[in-house]
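Q: Below is the sequence, then the predicted model.
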Amino acid sequence: MKKTTIFLVVIIFCFGHLYSQEKPTEKVQLTLKDCIVKALEDNLDIAVQAYDPEISELSISQAKEIYWPQFSFGYSNYSYNSLSNWAVEGTNYTTQNLNYNFLLRQQVVTGGDIELTLFSASSDTTRALTLVNPSYTAEFRLEFTQPILRGFGSMNKSNIDIKKARNMSEISVTGLKSSLIQKVYDVESAYWNLVYALESLSVNEAILSQTEERLRITKEAERIGVKSPLEVLSTETEVANYDNRVISSRAQVETYEDRLKGILNFPAEGLVSAKSLIPTDEPILEKLDLSFEDALKIAYAESPDLEMSQKEIENARLDVKYYKNQLLPQLDLRASLWYRGQSGDILVYKDDNPYTGEIVDKIEGSRFNSLEDVFNFRYKNWYVAFNLTVPLDTLFSKAGLAKAKLEEEKKLKERKRKEQEIYYAVLEAYKELQNREKEVESASRYRELAEKRLQAEEQRYNLGLVGNEWLFQYQRDVANARVSEIKSIVDYKISVAKLEMSLGISLKNKNISYKHFKF
């Protein structure tokens, strides 16, 4: 029994030990381009905004639908019974009517309408003294209506709506482009900050390892009486200092890593199975050779904000033109050309006298005969008319035009304001980039000098001329100098990204088009 109990305890301990072991962290290597593409493809905010261009394109199609032809068909069949006020006709009579109507209507880009109508009707009655019964009539009509002043051509409301819909479509595309540019900057900033944190951790871990090795040597020297306990204590203190730095650096890595994961829309995971992101792009200094004047020209040409502003101004100007046109009188040209046809059963009365009421013969006709008259253009009819309407509201009130002009002035002022904002944004980013470049040069020079001084101090230390405290001080200076140099390079790269964002060329420089993404 005792052996069995011990065996179960061992089994439980082994399984418990295996269960408590953490799974190895999965490392995911990503280039900056990989991160940008993933962030843009998986971002829900951008995915929602990506619907806007497609919706705007449908709005253009919807506005153009006004020029689609309209076809209609009418059918009516009715009968009525009426009392007669003429005794010869009888006390009452019944009439049966059957009508067909076909219409094709087309609005043209000049603002006019074209209508083609084909009409066919039949009438059958019991009314006395009728000479043709049943009777058939048909008509083919071409009618054209065209505004001459108000609403003519490009000032037609339908044409204005199509132009404004096109501009709104381009505004939605530009808005999406602006969001993508901002997201690219967010990714670059988070990516390079993570690179900095990992490089800083690497520096501190390397110096911690060196210091731990020095502690081992110092303890051995103290054991044989070469070093004093004070030097051992000093070295242990330095080990504790770098151990604390490593802990802080690891926490910083986790912070920047989580920030990048959030931008990349990584799914939420447990701490044990979390993926570790490993940036593969190294912080290599690549100087940007660009003058401020050239940068400003690029910004004015490529800025999504200015592009959107220009389209808003164009829409405002379209409204001004439209309301100016609405002040004109309404002068319409109407022209019509039509051909009629008529047929039916011709009733022949005795002695050619319908008052006898006796039908002796009938010359038959049909609906087809009436249509035959129409398409043989047998009976030609036409008219041309001009209708002039002068609404009083256009004579005494110009509120619509005044409102449109104010809106245009507002959009022009907004563009000026955006140009000013872009100027100072580019100026700030450009100056920041210049300062970062100087910081890189200074940090690099300081790091080289600190390393040379540390080498000299290590030689003096090995000769026993100085103690640990001086060596550790120079070692800390080198560590700080290396971290500072990495930080300056990372800051420079982030400043380049900021300048590209201000210029509106982030997507172009990364060879990324919003059309590439299928949200």
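A: Received the coordinates, thanks.

Q: what mean pLDDT does the host helix or strand of Trp338 have?
A: For Trp338, the host element (DSSP states H and E) is strand 330-349. The predicted model gives strand 330-349 an average pLDDT of 90.

Q: Buried residues in it, which are they?
A: Within strand 330-349, the residues that count as buried by 16 or more other CB atoms under 10 Å are 330-332, 336, 338-345, 347, 349. Yep, even glycine has a C-beta here, placed from its N, CA and C like the rest.

Q: now swap in stretch 476-483 and tell me
A: Of all the residues in stretch 476-483, those buried under the rule 16+ other CB under 10 Å are 476-479, 481-483.

Q: Can you name the element that comes right after the helix or strand hosting Leu176?
A: Here Leu176 sits within helix 157-223, counting by DSSP H and E. As assigned by DSSP H and E, the chain's next helix or strand after helix 157-223 is helix 229-263.

Q: what packs against that next one?
A: On a contact count with 3 or more CB pairs under 8 Å, 6 or more residues apart in numbering; DSSP states H and E, helix 229-263 meets helix 32-42, helix 157-223, strand 275-279, helix 468-503.

Q: Please pull up the helix or strand immediately following the first one.
A: Right, the one you point to is helix 32-42. Next in sequence after helix 32-42, counting helices and strands by DSSP H and E, comes helix 44-49.

Q: what about that following helix, distance to the chain center?
A: Offset of helix 44-49 from its chain centre (CA atoms, centre = their mean, to the nearest Å): 8 Å.

Q: So which elements touch it?
A: Judged by 3+ CB pairs under 8 Å, 6+ apart, helix 44-49 is in contact with helix 157-223.

Q: who wins for proximity to Ser76 among the helices and strands packed on helix 229-263?
A: With CB to CB, the closest approach to Ser76 among those belongs to helix 157-223: 31.6 Å.

Q: The closest one versus helix 468-503: what angle between them?
A: Calculated by axes from the mean of the first three to the mean of the last three CA atoms, to 10 degrees, helix 157-223 forms an angle of 170 degrees with helix 468-503.

Q: Which strands and helices lie in contact with helix 157-223?
A: helix 32-42, helix 44-49, helix 51-64, helix 229-263, strand 275-279, helix 304-326, helix 468-503, helix 506-509.

Q: Now do the contacts for the nearest residue to Pro304 once chain neighbours are set aside.
A: Of all residues not flanking Pro304 in the chain, Ser178 sits nearest, at 3.9 Å (CB to CB, 6 or more residues apart in numbering). Taking CB atoms under 8 Å, 6 or more residues apart in numbering, we find Ser178 in contact with 304-305, 308.

Q: between these, which is nearest Arg378?
A: Comparing the contacts of Ser178 against Arg378 with CB to CB places Met308 closest, at 61.7 Å.

Q: hmm, back to that, between the helix holding Leu176 and helix 304-326, how big is the angle?
A: Using the same axes, to 10 degrees, the direction of helix 157-223 lies 170 degrees away from that of helix 304-326.

Q: can you tell me the helix or strand for Phe368?
A: helix 367-375.

Q: So which elements touch whatever helix or strand comes next after that helix?
A: Next in sequence after helix 367-375, counting helices and strands by DSSP H and E, comes strand 379-389. Where contact means 3+ CB pairs under 8 Å, 6+ apart, strand 379-389 is packed against strand 330-349.

Q: Neighbouring strands of the strand it packs on in the sheet, and parallel or not?
A: Strand pairing for strand 330-349, using DSSP bridges, gives strand 132-147 (antiparallel), strand 359-363 (antiparallel), strand 379-389 (antiparallel).

Q: same question for stretch 109-121, mean pLDDT?
A: The average pLDDT within stretch 109-121 is 92.

Q: tell me which residues in it are buried?
A: 111-113, 117-121.

Q: Go through these and name the one nearest Ser209.
A: Nearest to Ser209 out of the buried residues of stretch 109-121 is Gly111 (CB to CB; 82.9 Å).

Q: Is it correct that the closest one falls within a strand?
A: No - going by DSSP: H, G, I helix; E, B strand; the rest coil, the assignment for Gly111 is coil, not a strand.

Q: For the residue lying closest to it once chain neighbours are set aside, grab phi and psi.
A: Sequence neighbours aside, Asn156 is the residue nearest to Gly111 in space, at 3.6 Å (criterion: CB to CB, 6+ apart). Asn156 has phi and psi values of phi -70, psi 140 when expressed as degrees, to the nearest 10.
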